[in-house]
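> Sequence first, then the predicted structure, then my questions.
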Amino acid sequence: MRKIELKIVALTPSVTQSQNYAVVLEEIAGNRRLPIVIGGFEAQAIAVAMENMVPSRPLTHDLFKNTIETFDIQLKEIVINNLLDGVFYSRLVCFKGGDIIEVDSRTSDALALAVRFQCPIYALEFVLDAAGVELEEDQENNYSSDRDEALQSDNQSLSTYSVDELGQLLQDVLKEEDYEKAAEIRDEINKRNQA
């Protein structure tokens with residue numbers, strides 16, 4: 001199964017879920033983004049490492065990094081290897097004494113470790129195909145007032161849109177960098193395509 005390399009491009013507060021955040025990954029050699037909703041503590045762990053902040057006492061992910069290094073284990077990469085019922089699954093790919101060891105991980109924890117170890121982040125192609133959102137570079141900046149109202153309203157039901165309208169709405173929310181709403185629209189499109 002082909003792996004696609006990603007990088008973290010944004011960490012934003014959730015618009016609809018006040019305690020959650022969206023971490024946005026972007027294809028290094030492409031134009032797709034993968035938004036993943038994570039909890040506040042996990043977002044803090046990622047942000048602390050991205051900003052090179054050094055807490056007075058080690059956070060959980062720092063402790064885990066120190067433990068891995070103490071036992072002479074190298075974190076080679078993380079791989080987002082599955083998506084089931086809207087939940088992303090990941091593996092830590094480690095080296096120890098010439099052996100490759102894979103460890104199951106929550107994706108948010110894997111990302112927090114990837115930032116600390118500065119190791120590559122990958123997603124299997126089918127995960128990115130299923131959950132990624134594609135950015136179109138040549139889109140016009142014309143927004144209809146109906147669409148603007150839909151973006152503003154959390155009460156707007158996505159079921160009232162056609163698939164074509166959902167596709168356009170998806171492009172609009174991507175321009176606004178509202179990745180959580182983009183993930184909801186993407187899920188609605190996928191649900192209809194599977195029906």
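Done, it's in.
> how much space is there between residue 6 and residue 132?
9 Å (C-beta to C-beta, to the nearest Å). C-beta: built from backbone N, CA, C; applies to glycine.
> Comparing those two, which residue is more hemmed in?
Neighbours were counted for residue 6 and for residue 132 using other C-beta atoms under 10 Å; residue 6 has more, 26 against 22.
> Is the more buried one in contact with residue 127, as I believe?
No - Residue 6 is beyond contact range of residue 127, at 10.2 Å (criterion: C-beta atoms under 8 Å).
> Now for the two: what residues contact both?
Shared contacts of residue 6 and residue 127 (C-beta atoms under 8 Å, 6 or more residues apart in numbering): 34, 80.
> May I ask which helix or strand of this structure has the lowest mean pLDDT?
helix 145-152 (a mean of 45; mean pLDDT, DSSP states H and E).
> pull the longest helix from this structure.
Longest helix in the chain by number of residues, with DSSP state H as the criterion: helix 179-194.
> Now do the contacts for the nearest residue to residue 76 once chain neighbours are set aside.
Distance criterion C-beta to C-beta, 6 or more residues apart in numbering; nearest residue to residue 76, sequence neighbours excluded, is residue 93 at 4.9 Å. The neighbourhood of residue 93, defined by C-beta under 8 Å, 6+ apart, consists of 75, 76, 77, 78, 79, 100, 101, 102.
> re earlier: where do the contact lists of residue 6 and residue 132 overlap?
Common neighbours of residue 6 and residue 132 (C-beta under 8 Å, 6+ apart) are 27, 34, 123.
> For those residues, which entry has the maximal number of neighbours?
The shared contacts of residue 6 and residue 132, ranked by neighbours (other C-beta under 10 Å): first place residue 123, 30 neighbours.
> Name whatever forms a beta bridge with that residue.
Under the criterion DSSP bridges, residue 123 forms beta bridges with residue 4, residue 80.
> quick one: pLDDT of it?
Per-residue pLDDT puts residue 123 at 98.
> residues touching it, list them.
3, 4, 6, 25, 34, 79, 80, 81, 132.
> mind checking how far it is from residue 79?
For residue 123, the distance to residue 79 - C-beta to C-beta - is 7 Å.
> so what sits against both of these two?
residue 3.
> All the strands of the chain, residue numbers only.
Counting by DSSP state E, the chain has strands at residues 3-13, 20-27, 32-39, 74-84, 87-96, 99-106, 121-124, 133-134.
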